[in-house]
Each structure stands twice: as structure tokens, then as C-alpha cells.
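Q: Based on what follows, work out the 3D shape:
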Amino acid sequence: MERICEKPVNNELTSVVAWMQAKKLTISFKKINFIHFGDKCQYECAFCSYQTISQVDSVYNLGILIDSKLTWTSHLEI
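A: Numbering: from 1, shown residues only. Sure, this is the predicted structure:
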């Protein structure tokens, strides 16, 4: 069952892919995931171009570990 916020997210992802294709760029779906901040509209995956994008609880970016609750706990445990 699709949740209310999933459709807009999936529509935007489709728009991004279309824009990238127009610019002759591609997305490596094996390398991407998403993180959800906040309590509303939590879901486990998104779909784009028949590919599944998985949700993660934390992401490592530019040397900083950011978690979905925006705390420094995960980063300080490294």
C-alpha cells in the first residue's frame, strides 16, 4: 500500500531521472539510498525507473556520520 507522501517523492525521482537522461547523465541505482529525517511519512523504500532505492538509518558524508535523528551519537562512536 502506497503512503500519502510516497507518490510525490517517487514523482520527483522520476523527474530527476528524466532531467538527467536529457543531459546524457545516468544514475547508478546500486550506489544510492535515502535517509528520512523526522517522524511523518516513514517508509522503507522508494521506486524510480523500476529500481528500488532503500532507506538507511545513517549516512557517511564528507567524513561525518549523519543519522536520521540528527544526533551526534553515531558519529562519536566511530
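
Q: drop to CA atoms for contacts and neighbour counts, all remaining ones
A: Fine.

Q: can I assume residue 66 is in contact with residue 75?
A: Yes - if you go by Cα atoms under 8 Å, residue 66 and residue 75 touch, sitting 6.9 Å apart.

Q: So for the two, which sits in the more crowded spot?
A: residue 66 (18 against 15; other Cα atoms under 10 Å).

Q: where along the chain do the helices fall?
A: 6-22, 73-76 (DSSP state H).

Q: Any regions of the protein where pLDDT drops low?
A: 1-6, 39-49, 78 (pLDDT under 70).

Q: try it again with 50
A: Applying pLDDT under 50 to the chain picks out residues 1-2.

Q: Okay, the residue most central in space within the chain and residue 23: tell me how far apart.
A: With distances taken as Cα atoms, centre = their mean, the residue of the chain nearest its centroid is residue 34 (1.9 Å). For residue 34, the distance to residue 23 equals 23 Å [Cα to Cα, to the nearest Å].

Q: likewise residue 52?
A: Counting by Cα to Cα - residue 52 and residue 23 are separated by 22 Å.

Q: Then residue 10?
A: Counting by Cα to Cα, the gap from residue 10 to residue 23 is 20 Å.

Q: between the two, which one's more packed in?
A: residue 10 (16 against 9).

Q: Give the other helices and strands that the lengthiest strand in the chain contacts.
A: Identified as the longest strand of the chain according to DSSP state E is strand 51-56. Secondary-structure packing of strand 51-56 (3 or more Cα pairs under 8 Å, 6 or more residues apart in numbering; DSSP states H and E): strand 34-35, strand 45-48.

Q: Please consider this matter closed, and thank you.
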